[in-house]
Each structure stands twice: as C-alpha cells, then as structure tokens.
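Novice: Quick one: sequence and predicted model below, then my questions.
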Amino acid sequence: MTYKTIASASGRLFREIYRFAAFHWEVLRRTVRPPYYGATVWEQMDRIGVDSLLIVMLVGFFTGFVLAFQTGYAMMRFGAKIYVGGIVAVSLVRELGPVLIAMVFAGRVGAGITAELGAMQVSEQIDAMRALATDPLRKLVLTRVLASVAMLPALVIVGDLVGIAGGLLVGVMNLGLTVSFYKSSVVNALVFNDLFSGFIKPVVFGAMISMVACYYGLTTSGGTKGVGEAVTRTVVVSSVLIFLLDAVITKLLFLIGM
Amino acid sequence: MIQLIDISKEFDGKQVLKGVSLELHDGETLVILGRSGCGKSVTLKIILRLLTQDSGRIVIDGEDTTDYPEELMMPLRKRMGMLFQGAALFDSLTVSENVAYALREHTRLSEQQVEAKVAECLAFVEMSGTQRLMPSELSGGMKKRVALARAMALDPKYMFYDEPTTGLDPLTSRKINELIKKLQAEHKVSSIVVTHEIANAFQVADRFAVIKDGEILLSGTADEIKGSKMKFIQDFIKGGVISNANQ
Ligand SMILES: Nc1ncnc2c1ncn2[C@@H]1O[C@H](COP(=O)(O)OP(=O)(O)OP(=O)(O)O)[C@@H](O)[C@H]1O
Ligand SMILES: [Mg+2]
C-alpha cells in the first residue's frame, strides 16, 4: 500500500465516523420532543423479543452447559468443584451473557433492521415517508433503538438464567452436586456489581447495534446488492464494536471500583 | 407559487442540473419534458427537499426554503403530494393503510372518517374494494393509482406527478389525465407532471418546460412548443415520445 491509498482510506474512515456521529446527534435530538410512536415501539419490542427468544435460550443454555463442564473439569483437580455454580454465574452474568447474546442480536435483529430499512431506502419508501411529512428518524430509527435498548437487557437476563440452569444440569448430572448446593453457590457468588455490569452492557450494546443497523440501512445505495452489502457491514461493524465497547465498559467499571 | 431559481445538482462529479429555473403558478399544470436521465425526478425531489441542491434557491408560497432544516419542511410537505415514479408504496402496509398513512399521522379524524376518506380516494383512482390487499399483490398500474390516492389524501395544494401514466393502458391513462384535470378544476391544485408521453402531456398541460443537458431548453404553452423550430423538440413531438436516439 502506498502512502496515498492509506491516506485516502483513513480519510474515508474519518468521514464515515463523522457521519455516524452526526447521525447519533440527529437521532438524539429527536428524543426531546414527541411524537414517539409508542405503539410502534411496542410492536418492535414484540417482534425483536419473539424473534430472538429461542436462539437466545439456546445460546445461553449451551454456554452455561459448556462453562460448567470446563470449570468443573478444572476445579475437580483442586477439589474445588463446589465453586462451579458461582463461577458459571459470574462469568455468564458479567461477560459471556452480554457479549454472546449481543452477537446473536447483531446477527439477527441488527441484520434484520438493516435489511428492512435498506430495502425501504432503495425502493424510495424512505423518500415517500418524508414526502408524506413524517420523519423516518423518529418513526423508524428511534422506535427501533428504544425497542432494542429495552429488549436486549431482557434477553440477556433470560439467557443468563437459562445458562445458569444449563450449568446446574451439568453440576447435578456430572459433578455430583445437589441442586441446593449449586443454587447457594450461585447466590453467594453474585454481588450487586456483577448484576450492574451485566445489565449496563446489554443496554449499551442494544443502543449501539440498533444505531449501527439503522445507519447502514438508511445509507444503503445501489439496489438489492447494496442491501446485502449493508447487512454485512452491520454485522461486522457491530460485532467489532461489541468487543471494543465490552473492553471499554469493563475497564471503566473497574476504574470506579465495580 | 413555487419558484426554482438557478438550481444546480451534481452526483459524484456528474452535473445533472446546471442552473434550472422554473415557476409553477397557482392553479396551473406544468409539464416537464426531457429525455430519460436528464434530471426530471431529481428536480421534483429537490422541490420537496428529498434531495438538496448544490446551489440555487427554492421559494414556496413566498417562503425561501433553501436553508430550511428538515423540521421546517414538514408543514410545507403536508401541502404537497408526490406520486413517485416507482409508486414507492409501503410494502409492509395494506393498500388502505398506505392511503390512510398521512391522515393518521397528521389529522385527528376518527377511524370511520379515515376509512371514508380512504374509500373516497380509492374510488377516485378506480381502485375501490382493494383496501385489504398488500402492494405486492398489485400490478404496476394499480400500484401507481394507489400511490396517487395516497398522495392526494391530505388534499394538497400542490401535486407532483412523476410519470403518472407510464406503464398504464390507454384507458387508464386517460382516466389519470382526467383526474389531474379534475383536481386542478375542483380543488385548485397546482401540478407539475413529468412525462415522456407527448399525447398525455398535451392533454393536461397549461404550460411546458423542456429540460435538456441540465438546463431549461424551452418553456411555454402548447402552441409555443408546437411552433418551436428546434429539432430536439420537433423530433420529440413527431416521435410521440422523447427518443434516446437524437441528441
Ligand atoms: N440518488 C442518486 N445518486 C446518484 N445519482 C443519481 C441519484 N438520483 C439520480 N441520479 C442521477 O441523476 C440523473 C438524473 O436522474 P433522474 O432520475 O432525475 O432522471 P429522469 O429525468 O427522471 O429520468 P427518467 O425519465 O428515466 O425517470 C441520472 O443520471 C441519475 O443517474
Ligand atoms: Mg424519473
């Protein structure tokens, strides 16, 4: 790569970041005054939740299942298998639940939002919406962001619980723990900080994924092929940002002592 | 009255409009003619600020909207109805929901009143009884007529028709032309009609504007167009449609 191509690529990157930031500002600005389209938000929450519930439970279950196996195996050597419940719970709640379920969410809900808005963009339905004196940023974007911010934490809670149950299954069947023993290990291990961290992450991820998805949806160009490219971009960018933001939030929470 | 003053627009280095000036007087129907790709649809979208011009000014009913942000365009857009070239119906909504869209957003009509208005608009475009259909179940011409019903639901003062008759059979085309004239006569609607089809153009036009190479080549009445000596215009009138062959 020559100096020039690097310069032009980074120029493009900065322009894209600037546009994405401007998009945030435009959406944020619209949170202060109505209309909020409450009915549409509700509809979206329903759709997003129902869409993802089954896969979230599957991911949660197998994560907890495998986690219990692996830690159980390691712990057994130190005779510390009684801690398995706590380790499964803390790892799931603080880290694996939010990150893995956000990844699923990006692939399912984020991709879906981009495909839907992208198709509307290339078939001039977004223009039609504006021509009919309605604001797509309110009617499409804000509703989906609000619904995502509400639903991702809920899905993560479901995923965490199912994951802990998956761990229980392994604990009882393979490690010879009793249900009440596993349960008290979980309850004793989890403290407020874990729950806070496990809740704040999906809130941030939900906002980020839906904003990325809407941004790439609304900026789609180039027909059907453009829609496909936009969907890919949404999945890639939000996956990278999940890990990036996860690191940032984790570090920040440590800094303030959580 | 709508005035376009020296409007320029380029896309990725391609200059589409190079200083277009137009006036739409109250109550008249202005037909814009021009070859495919000359910027007719772009011109309509610039009036509604769906696209932003690079330079030039737009004045709508005395308001200079050139620097208006999106919020300030909203009340103006309620006074304008746009029929998109590709209909642009909301494909997740039924025909009835499409037509009712602006009514539900911008009026306080009761559900019954909305339904009555929807039925009226659909009857106007001869699409009665299609309320429950989805856009994917409609033919191209039917989509266009539903889109027309949607555009007129708020009784706009201005109507912009982007190729209203393209792809329609002659009978339906005539019906649409009559509709345009009826809206003009009964509701004092001022319209811009973009079309390729010269016969339809002469049926509805009070005035013409011909766009060529990003500029207004000629604007005038039907007689002035017919009397023009310019080869481009004569070829076009004789051909019935603007052919892509002659430059
Ligand atoms: N959003 C856009 N991005 C890039 N180029 C565009 C865009 N919209 C229009 N153009 C370009 O502007 C030119 C004019 O387009 P426009 O749709 O106004 O043509 P038109 O006169 O309506 O043609 P037709 O009669 O075929 O509909 C075309 O060359 C088109 O490629
Ligand atoms: Mg066009």
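Specialist: Yep, it's here. Ligands and ions are numbered 1, 2, ... in the order given.
Novice: low pLDDT regions in chain B?
Specialist: Filtered on pLDDT under 70, chain B yields the residue ranges B:240-247.
Novice: cool, and chain A?
Specialist: Using pLDDT under 70, chain A drops low at A:1.
Novice: any idea how chain B splits into domains?
Specialist: Chain B resolves into domains spanning B:2-79+B:158-245, B:90-155 when parsed by automatic domain parsing.
Novice: Name the residue of chain B that lies nearest to ligand 2.
Specialist: Going by Cβ to the ion, ligand 2 is nearest to B:Ser41 of chain B, at 3.1 Å. For glycine as for every other residue, the C-beta is placed from the backbone atoms N, C-alpha and C.
Novice: number of nearby residues for the residue in the stretch 101-250 of chain A positioned nearest to ligand 1?
Specialist: Ligand 1 sits closest to A:Ser221 of the stretch 101-250 of chain A, with a gap of 6.8 Å, by Cβ to the nearest ligand atom. Here the number of neighbours of A:Ser221 (other Cβ atoms under 10 Å in any protein chain shown) works out to 12.
Novice: Show me what counts as buried in the helix ranked longest in chain B.
Specialist: Longest among the helix segments of chain B by residue count, using DSSP state H, is helix B:170-187. For helix B:170-187, the neighbour count (16 or more other Cβ atoms under 10 Å in any protein chain shown) marks B:Thr172, B:Ser173, B:Lys175, B:Ile176, B:Asn177, B:Leu179, B:Ile180, B:Leu183, B:Gln184 as buried.
Novice: How far away from the center of its chain is it?
Specialist: 13 Å (Cα atoms, centre = their mean, to the nearest Å).
Novice: residues in contact with that helix?
Specialist: B:27-29, B:124-126, B:141, B:145, B:148, B:152, B:155, B:159, B:161, B:164-165, B:168, B:189-191, B:193, B:197, B:200, B:203-204 (Cβ atoms under 8 Å, 6 or more residues apart in numbering or on different chains).
Novice: before we move on, the earlier item: which among the domains of chain B is found nearest to A:Thr71?
Specialist: Closest approach to A:Thr71 among the domains of chain B (Cβ to Cβ): domain B:90-155, 46.2 Å.
Novice: can I have stretch A:177-195 written out in CSV, keeping just the CAs?
Specialist: Included here for stretch A:177-195 are C-alpha records, laid out as CSV according to Å, rounded to 0.1, in the frame of the first residue of the first chain:
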residue,chain,number,x,y,z
LEU,A,177,-23.6,-31.6,43.2
THR,A,178,-27.0,-31.2,44.7
VAL,A,179,-29.5,-28.6,43.4
SER,A,180,-29.5,-26.6,46.7
PHE,A,181,-25.7,-26.7,46.8
TYR,A,182,-25.4,-25.3,43.3
LYS,A,183,-28.0,-22.7,44.0
SER,A,184,-26.3,-21.4,47.1
SER,A,185,-23.0,-21.3,45.3
VAL,A,186,-24.7,-19.1,42.6
VAL,A,187,-26.4,-16.9,45.1
ASN,A,188,-23.3,-16.4,47.2
ALA,A,189,-21.1,-15.6,44.3
LEU,A,190,-23.2,-13.0,42.6
VAL,A,191,-22.9,-9.5,44.1
PHE,A,192,-24.5,-6.2,43.0
ASN,A,193,-21.5,-5.2,40.9
ASP,A,194,-21.9,-8.3,38.8
LEU,A,195,-25.6,-7.6,38.2
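Novice: Any chance you could list what contacts it?
Specialist: A:81-90, A:93-94, A:164, A:167-168, A:171-172, A:253, A:258.
Novice: Among those residues, name the buried ones.
Specialist: Buried members of the contacts of stretch A:177-195, counted by 16+ other Cβ under 10 Å: A:81, A:83-90, A:93-94, A:164, A:167-168, A:171, A:253.
Novice: Can you flag which of those belong to helices?
Specialist: Per DSSP H, the buried ones among the contacts of stretch A:177-195 map to helices at A:Val84, A:Gly85, A:Gly86, A:Ile87, A:Val88, A:Ala89, A:Val90, A:Ile164, A:Gly167, A:Leu168, A:Gly171, A:Leu253.
Novice: show me where chain B has helices.
Specialist: Listed in chain order, the helices found in chain B under DSSP H are B:40-47, B:70-78, B:95-106, B:111-124, B:140-152, B:170-187, B:198-204, B:222-226, B:231-239.
Novice: and the fourth one with helix B:170-187, angle?
Specialist: Think helix B:111-124. 130 degrees (axes from the mean of the first three to the mean of the last three Cα atoms, to 10 degrees).
Novice: what's the offset of stretch B:118-127 from the middle of its chain?
Specialist: 19 Å.
Novice: How about that stretch and chain A, any contact?
Specialist: No: Stretch B:118-127 does not reach chain A (Cβ under 8 Å from any Cβ of the partner chain); its nearest approach is 13.4 Å.
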